[in-house]
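> for reference, the sequence and a predicted model appear below.
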Amino acid sequence: MREVIIFHGEDGFWVAECPSLPGCISQGETKEKAIENIKEAISVYIEALEEDSLPVPEETFEAIVVAV
C-alpha cells in the first residue's frame, strides 16, 4: 500500500505522485486514469529497484488536511 497524492495540473491533466518513491509521478486525463497510471508506475518502479538489488523504501505516511 502506498500513499498517492492527486491534484489537477496546469495542463488540465490529473497528476498522481507517490512521495515515498522519489520521482514516481504519472498523470491522466481523468482521476481514474491517473490512478490507473500511478499504480503501474509504482509497480515498475519497485520492480526496477528489486532488479538492481536496491532497497525498496518503506511506506510511512501521515496525511493531514490544513484549512486556511
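Cool, got the structure.

> surely Ile6 forms part of a strand?
Yes - assignment of Ile6 by DSSP: H, G, I helix; E, B strand; the rest coil places it within a strand.

> give me the number of residues near it?
15 (other CB atoms under 10 Å). For every residue, glycine as well, the C-beta is placed using N, CA and C.

> for it, what are its contacts?
Taking CB atoms under 8 Å, 6 or more residues apart in numbering as the definition of contact, the neighbours of Ile6 are Trp14, Val15, Ala16, Glu17, Lys31, Ala34, Ile35.

> that one - nearest residue in space that isn't next to it in sequence?
Excluding the flanking residues, the one nearest Ile6 by CB to CB, 6 or more residues apart in numbering is Ala16, at 5.0 Å.

> what does Glu50 give?
Val56 (6.7 Å).

> helices of the chain, start to end?
With helices called from DSSP state H, the chain shows them at 31-51.

> ok, now which ones touch the most centrally placed residue in it?
Within the chain, one residue has its C-alpha closest to the average C-alpha position: by CA atoms, centre = their mean, that is Cys18, at 2.6 Å. For Cys18, the contacting residues are Arg2, Glu3, Val4, Ile5, Cys24, Ile25, Ile38, Ala41, Ile42, Tyr45, by CB under 8 Å, 6+ apart.

> taking those residues, please make a PyMOL selection of just the buried ones.
Below is the selection syntax for PyMOL that covers the buried ones among the contacts of Cys18, with 16 or more other CB atoms under 10 Å defining burial:
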select buried, resi 2+4+24+38+41+42+45
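
> just flag the most distant two among the contacts of Cys18.
Pairwise distances among the contacts of Cys18 were taken by CB to CB; the largest, 15.4 Å, belongs to Ile5 and Tyr45.

> measure Met1 to Pro57 for me?
Plainly put, Met1 is 13 Å away from Pro57 if you go by CB to CB, to the nearest Å.
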